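A.B. asks: structure of the sequence below:
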Amino acid sequence: MREAEKLGADGALRLGVIGVGVMGSNHARVLSELPGVKLVGVADPDRKRCDQVARTLGCASFADADALIREGVDAVTIAAPTQLHHDIAIDCAARGIHLLVEKPIAPTVEESRAIVAAARRAGVTLMVGHVERFNPAVQSIKRAIKDQDILSIAITRVGPFPPRMSNVGVVIDLGVHDIDLIRWFTESEIVEIQPQMSSAVAEREDIALLQFRTESGVLAHINTNWLTPFKARNIHIATRDKYLIADLLTLQVTECFGFQPDGSYSMRHLSVGYAEPLRSELIAFVDAVRSGERPAVTGEEAVASLEIAIRCLDARAARTAAPQRKGPRRVAG
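C.D. replies: You can find the predicted model right below:
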């Protein structure tokens, strides 16, 4: 039964948020503002945090996902720690509840595939929160490369170490964003990987240089780390006819084109509208639930990107361990 047949008298889609850390609390904020959506409540075992978010947004607070589900929801967004995604998503799907699961979809490919299979069996919408696809600068790039013969992609995603991070390294936390973008931009699968990683400060990898070749022949490179003292998010794409430079933080996209034999060329700034990426993502999720159409980021796409990220980590683990550094990098001053 599709959602149009299940909605209450007011026609509102009843949503809940499971997990109200930084990302989950933003999910709840945006959902509370969307027309045609009723934020039923938020669930998190951190009662103080959960109650605070609920009071701010005027919704109910629940100690766990089961209590929220029993209150009655049509769909949920799951922003709990990654290791909990599998059990929560499987339970929600079995109850006929539509799902938006934050990236990465699960810690392992096996668990990720199980979530996809459960959603398919239950006939519920499953979308995965690869929010970077909804960045206005990224969408401007996607329009600019339509029908272009892409030659290479270089992505830089760096910044300082996040104190909240404990159970994953930069490849899963940051790199998986750009693996997804490479696959989305090229509409081609990654068939070759050449990863280089190191743990300079953190227990897990905090520097990664990842090189790929897609089935269509595009060469791609990701530079990501937690050592840069400032955030930077840049994309460079070369095609047969143009060269694109994008700053995902300032939302500036520059296109070089009209290359001449003497080395001259023309430049222009592409139009980039402004919209909060998370809001655009959640609107897309709500639309997919209501219409039954294919969601903007499918579970299958998320599994494929996670699989590439894990292949990078496995390749590192398979190598002979390099000599360990004697200690963390020292900062002068």
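
A.B. asks: ok, residue 259 to residue 234 distance?
C.D. replies: According to Cβ to Cβ, to the nearest Å, residue 259 stands 21 Å off from residue 234. Yep, even glycine has a C-beta here, placed from its N, CA and C like the rest.

A.B. asks: so which of those two has more stuff around it?
C.D. replies: Neighbour totals were compared for residue 259 and residue 234, and residue 234 leads with 17 against 14 (other Cβ atoms under 10 Å).

A.B. asks: show me the contacts for the more buried one.
C.D. replies: Counting by Cβ atoms under 8 Å, 6 or more residues apart in numbering, residue 234 touches 155, 156, 245, 246, 247, 248.

A.B. asks: show me the shaky parts of the protein.
C.D. replies: By pLDDT under 70, the low-scoring segments of the chain are 1-10, 164-166, 319-333.

A.B. asks: strands of that one, start to end?
C.D. replies: With DSSP state E, the ranges of strands along the chain come out as 13-18, 37-43, 60-62, 75-78, 98-102, 126-129, 150-160, 190-198, 207-214, 219-225, 227-239, 242-247, 252-257, 266-269.

A.B. asks: may I see those organised as JSON lines, with distance to residue 181 added?
C.D. replies: Listed next are these as JSON lines, based on distance: least, Cβ to Cβ, whole Å:
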{"stretch": "strand 13-18", "distance to residue 181": "25"}
{"stretch": "strand 37-43", "distance to residue 181": "28"}
{"stretch": "strand 60-62", "distance to residue 181": "35"}
{"stretch": "strand 75-78", "distance to residue 181": "21"}
{"stretch": "strand 98-102", "distance to residue 181": "17"}
{"stretch": "strand 126-129", "distance to residue 181": "14"}
{"stretch": "strand 150-160", "distance to residue 181": "7"}
{"stretch": "strand 190-198", "distance to residue 181": "12"}
{"stretch": "strand 207-214", "distance to residue 181": "12"}
{"stretch": "strand 219-225", "distance to residue 181": "9"}
{"stretch": "strand 227-239", "distance to residue 181": "8"}
{"stretch": "strand 242-247", "distance to residue 181": "11"}
{"stretch": "strand 252-257", "distance to residue 181": "14"}
{"stretch": "strand 266-269", "distance to residue 181": "21"}
